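In: my questions are about this predicted structure, shown below with the sequence.
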Amino acid sequence: MEELTELRALAYKYASELVDYPHDEEIPKMGERLANFVSIFQLLEQKDEVYKGLSEIAKETLIVLDEIKKLGVDNFQAEYVATFELGYPKPKCPPYEREYIEITPKPDPNVPAGVKGELEVLNEITKFYSEFGAFVENETPDHIAVELEFMFYLVANELEALKQKSDADRFRNAQLEFLEKHILNWIDGFCRCVESNSNLTGYAKILDTIRNFAKRDYEFLKRFIEH
C-alpha cells in the first residue's frame, strides 16, 4: 500500500509542476519530468487496474518537447501566457476554479454582483487548506497548480501516516472530498477550454492526462474507503 500511495503522491507532484508556468530554468527539466510522468502511470497500472490506460494517455504529453523545439523557448512561454495568464478582458483559459463553476451570489445590496460568490469559493478552499496546515503564497488558492499541489500534500501526509502506523483515513477522506468538491467539479470545463482555444496542444494533453488520473484516483479512493 505504501508504494502505491507514494506513486499517487508523485503523480500529483508532477501534475502540479507540469501545469505551472515554464520558467527558463524549468524548460531543460521538461523532458525528464514528462518521462517520469509517464513512468509513474506505468507503475500505477501494475498496482491497480483502475489506473489502466493512463500511461498511453500520458505518452501524448511528450508533444510538449516538439512544441518547445519548434517555437523556441520565448515563443513557447508567450503562448503559455496568452493561454493562461494575460488577455482582455481575461486570458483565453484562466486556470482558476472560480472561472468554471456556477457562481450564485446571495443577495446583498452592499456587495457587487458575483463578487461574494467568488469570495465564498476562495474562502471554502482556503479553509480546506488551513484545516490541514497548508497555506498558499503568491497565488490564489483555486489555481490548478495549487489545487494539485494540495492533493500531493494530502497524499504525502497519508504516506507518512502509513509509515508511522497512524491515522491515514483522515487524509484519504480529505482527498476524496477535495477531488469531488473542487478539482473534478471544474477540470472538464478547463480541459475543453484549452483544447478549443490554445495553440499549445501539449498542455491540452497534459491536462487531459491529469483529468483522467484524477477521475481514476477518485474511483480508487471511493472503492478503498467504502471497503
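Out: Looks like it came in fine. Numbers count the residues shown, from 1 in each chain.
In: which residues does Leu221 contact?
Out: Going by C-beta atoms under 8 Å, 6 or more residues apart in numbering, Leu221 touches Arg172, Gln175, Leu176, Leu179. C-beta: built from backbone N, CA, C; applies to glycine.
In: buried set for the host helix or strand of it?
Out: According to DSSP states H and E, Leu221 maps onto helix 201-226. For helix 201-226, the neighbour count (16 or more other C-beta atoms under 10 Å) marks 201-218, 220-221 as buried.
In: export stretch 124-140 to CSV, keeping only CA atoms.
Out: Extracted in CSV, the C-alpha atoms of stretch 124-140 (Å, rounded to 0.1, in the frame of the first residue of the first chain):
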residue,chain,number,x,y,z
GLU,A,124,-14.0,27.5,1.2
ILE,A,125,-10.8,26.3,-0.5
THR,A,126,-8.6,28.3,1.9
LYS,A,127,-10.4,26.8,4.9
PHE,A,128,-9.9,23.4,3.5
TYR,A,129,-6.2,24.1,3.2
SER,A,130,-5.8,25.6,6.6
GLU,A,131,-7.6,22.6,8.3
PHE,A,132,-4.6,20.5,7.1
GLY,A,133,-1.9,23.1,7.9
ALA,A,134,-1.4,24.2,4.2
PHE,A,135,-1.1,27.8,3.2
VAL,A,136,-0.8,29.5,-0.2
GLU,A,137,1.7,32.2,-1.1
ASN,A,138,2.0,34.2,-4.3
GLU,A,139,-1.1,32.6,-6.0
THR,A,140,-4.8,32.3,-5.4
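In: going forward, the N-terminal residue is numbered 89.
Out: Sure, I'll start counting at 89 from here, so that last one is stretch 212-228.
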